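# Kindly return the folded structure for what I paste below:
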Amino acid sequence: MKPQYPQCLTIVFLFLFLPTRTVFGINTNDPFYSEITHSVIFDTDIAKGYKEKVSFTGINPSEESDFIIIYSNLKQIKDLEVEYKNEKGKLKNLKNKNTETSDWYSTSFMDDRKIIRFRLPKSLFFEYSYVIEAPESMTFSRLELFPKDNYAMVSYEIFIPNGLLMSYKLPDNLSDFGNLEIDSIANNEGVNYNFLFTPSDLMKNYKSPKNVGRGIIPVLPKDIRVIVYPTGFKGDSSSAYFDYWYTNHLKKLPELNAEVKEQIEELIIDAELDEEKASLIFDWVKSEISYIDIEVGINAFIPRDANVICTRQKGDCKDMSHLLYKSLQYAGLDTYLAISSTIGYRYDLDFPSLASANHVICIVKINNDIICLDPTEDLCRFPLPSKQIQGENIFIVNSSGGQYYKVPILEVSRNKKTIRMNLTSENGIIKGDYRMDFNNMSGYNLKQVYQNYSSDKFKKYVKIWFAENTDKTKILTVETEESDSTISIWGEAEYSKSLVKNIAGKTYVALSFIPYPHEYANKIDTNERMVNYFVADIDFTGNVVFDRNVKLKSENPVVFDSDNFFFFFNTEQISDNEISIHYEYISRIVDISSPEDIENYNMVNELILSSIHKKLIFEN
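Numbers count the residues shown, from 1 in each chain. Have a look, this model is predicted:
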């Protein structure tokens, strides 16, 4: 039997804006949902989309609460009905004039989404429902199990008619957050799927991350990803249909016009090798097109006309990658678009659903090598992958069923950062020169500032960096040199006299002038993950010459070595009045999320802190 109420929704979000609201936390002023139900019916013709009715039932203990429904123009909301029982027990219906529809506003991107807003008073009971009609079946991409409000259960009843199939991907750790029951019943017309999820006590147990903003992102519970597709695609493969669907949309886009083709011809006129052509075109797209995120209609997923993007010189990841793809194609190269998830995204692209991805890149195949090109990252150089897709899965759209591919991570040695300090200690004051050499991704942040700000502001940035990563450092001069793959800074510095102390016949030198090897949080909790965007090898050596002979107290080197982290710290006396301090820190991972990696990351940072915050002891 089909569900009683046809409807459709997946990329519709419910938010409650309350001053006392706590995400994933119980608050007595929040509305409580006893039941959230979704009833979905797909048309037998996949091109006609689906319908979904969504119903919310619960109580509202607050004096007044705003309820918001957000949707895109790929969907239409109809038949909104709201009723509630006030404090006196009288059942009332909310009139249409008490609902407000407006455009969604964002300062970070262009968006076509709209908001329906209504307000309810304190209610012993409320129920509201609406029907969404969506003509694009692919937008049904996930079953939302965590609506970010207090709720007792959420259910989906989905009817898939004969001729269509539905595949879904369950989160690995879903049982940590609640209980899921799945049932399916087939009849002459198709299959009814029933998903019933009841959350556990995660509301009380979940703790919001404390260090968000220093590479830390929360580990949020994941929804069920889904795809509905017709039978007959290479063994009923959902991936083959996803490839077909995207390819079919790309075929509808115009070819490059004569003006754009002429620009490409002039660009590569002297290039002989495919690598040269690809590199020139890649740099051209990066320099000519300004990135702006545009989420409008089907173009939230599918690129726009490459000619228009070239003329307007603005576009998002899909547009820039599509222009790059069409340009490389015109130059005779073997090139494709690829759907991608970025580092830190909620899902890995291991399942063919729009919910699995948040990015689009271009790939080119040269001498059987797959080269991943992301034109949205200004500092990305051909043929290196961008920071945000390293180690991530991509889905290459090739009109032959598609291909999954894991983007390689740039080798540790190619991201090396070296720090050298040659210092003197006279009358207890440490001063001298410093030099820092950054290779490839280790210098991206510094390059970004250097290329986009004045010399004075750049020097101020370097001084602030030293102040945040060392203790009591006064940078006197800053010099800079930049190449395609490197950036170097050097100059003179002076350190506080308080770093050197003489007590009871011994000299103590605080090592807090040594720069910390990274700028991320020193500790990760188990409900967090760390995204640091590139593997790293930081090599530090600092030599200090004293104005008298000293004798360094001997200590054993500090060593930590695991699969993904390495740290070595040592001090040694190299002459009667000179000592050398050396450390090397290596991180071989860009996404720290497994329990083992989190434990090792915390352990290595404890050793780093204890090593560079200690005091060297000299016997006079």
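
# Can I take it that residue 450 is in a strand?
No - read with DSSP: H, G, I helix; E, B strand; the rest coil, residue 450 is helix and lies in no strand.

# wait, what's in contact with it?
The neighbourhood of residue 450, defined by CB atoms under 8 Å, 6 or more residues apart in numbering, consists of 458, 480, 482, 487. Every residue, glycine included, has its C-beta placed from N, CA and C.

# again with residue 94
82-84, 118, 120, 128.

# Dihedrals phi and psi, it?
When quoted as degrees, to the nearest 10, the phi and psi of residue 94 stand at phi -80, psi 130.

# I'd like to know which of the contacts of residue 94 are buried.
Using 16 or more other CB atoms under 10 Å as the burial test, those include 82, 84, 118, 120, 128 as buried.

# possible to save those as TSV with pLDDT and secondary structure?
As requested, the buried ones among the contacts of residue 94 are arranged in TSV below (pLDDT from 0 to 100; DSSP: H, G, I helix; E, B strand; the rest coil):
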residue	pLDDT	secondary structure
82	97	strand
84	96	strand
118	95	strand
120	94	strand
128	97	strand
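
# Can you tell me which of those residues is nearest residue 219?
Nearest to residue 219 out of the buried ones among the contacts of residue 94 is residue 128 (CB to CB; 31.5 Å).

# pretty sure that closest one contacts residue 56?
Yes - judged on CB atoms under 8 Å, residue 128 makes contact with residue 56 at a distance of 5.5 Å.

# before we move on, the earlier item: filter the contacts of residue 450 down to just the ones in strands.
480, 482, 487 (DSSP state E).

# so how far is residue 462 from the last one?
Between residue 487 and residue 462 the computed distance is 11 Å (CB to CB, to the nearest Å).

# Could you pull out the helices in the stretch 401-550 of the chain for me?
Assigned by DSSP state H, counting those that start in this stretch, the stretch 401-550 of the chain shows helices spanning 444-452, 455-469.

# Just put the ones you listed in TSV and tack on mean pLDDT and distance to residue 329.
Shown next, in TSV, are these (pLDDT from 0 to 100; distance: least, CB to CB, whole Å):
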stretch	mean pLDDT	distance to residue 329
helix 444-452	95	29
helix 455-469	92	39
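
# could you dump the ones you listed to JSON lines with distance to residue 280?
Shown next, in JSON lines, are the helices of the stretch 401-550 of the chain (distance: least, CB to CB, whole Å):
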{"stretch": "helix 444-452", "distance to residue 280": "20"}
{"stretch": "helix 455-469", "distance to residue 280": "29"}
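
# about what we covered before: can you tell me which of the contacts of residue 450 is nearest residue 168?
Distances from residue 168 to the contacts of residue 450, taken as CB to CB, are shortest for residue 487 (46.8 Å).

# And this structure, what are its domain boundaries?
6-230, 239-406, 412-619 (automatic domain parsing).

# between residue 487 and residue 462, who's got more neighbours?
Set side by side, residue 487 and residue 462 show more neighbours around residue 487, with 22 against 18, by other CB atoms under 10 Å.

# Give me the mean pLDDT for stretch 184-194.
Averaged across stretch 184-194, the pLDDT comes to 98.

# Ok, stretch 509-529 next?
On average, stretch 509-529 scores 90.

# What residues sit buried inside that stretch?
509-518, 520-521, 523-525, 528-529.

# Narrow the residues you listed to those in strands?
Using DSSP E to define strands, the subset of these located there is 509-510, 528-529.

# just curious, which of those is nearest to residue 339?
For those, the nearest to residue 339 is residue 529 (22.2 Å; CB to CB).

# Give me the below-cutoff pLDDT ranges for the stretch 251-400 of the chain.
297 (pLDDT under 70).

# What are the phi and psi values at residue 238?
Backbone dihedrals for residue 238, given as degrees, to the nearest 10, come out at phi -70, psi -30.

# how much space between the nearest residue to it once chain neighbours are set aside and residue 199?
The shortest distance from residue 238 to any non-neighbouring residue, by CB to CB, 6 or more residues apart in numbering, is to residue 167 (4.4 Å). For residue 167, the distance to residue 199 equals 24 Å [CB to CB].

# circling back: could you identify the most distant pair in the contacts of residue 94?
Farthest pair in those (CB to CB) is 83 and 118. Separation: 11.7 Å.

# any shared contact partners between these two?
Residues touching both residue 83 and residue 118 (CB under 8 Å, 6+ apart) are 94, 128.

# nearest to residue 609, of the ones in strands among the buried residues of stretch 509-529?
Distances from residue 609 to these, taken by CB to CB, are shortest for residue 510, at 13.4 Å.

# Next one: that closest one from residue 470, what distance?
From residue 510 across to residue 470, the span is 11 Å (CB to CB).

# Then residue 579?
18 Å.

# between these two, who's got more neighbours?
Neighbours were counted for residue 579 and for residue 470 using other CB under 10 Å; residue 579 has more, 22 against 19.

# list the contacts for that one?
543-544, 546, 550, 552, 571-573, 616.

# Kindly report the same for residue 143.
10, 38, 156, 168, 195, 223-224, 226 are the contacts of residue 143 under CB under 8 Å, 6+ apart.

# middle-most residue in this protein, spatially?
Centre of the chain computed as the mean C-alpha position; nearest residue by CA atoms, centre = their mean is residue 344, 3.5 Å away.

# Now that one. Nearest residue, chain neighbours left out?
Ranked by CB to CB, 6+ apart and with sequence neighbours excluded, the top spatial neighbour of residue 344 is residue 531, at 4.1 Å.

# Just give the number of residues close to that neighbour.
Counted with other CB under 10 Å, residue 531 comes out at 18.

# Quick check: beta-bridge partners of it?
Here residue 531 sits in beta bridges with residue 591, going by DSSP bridges.
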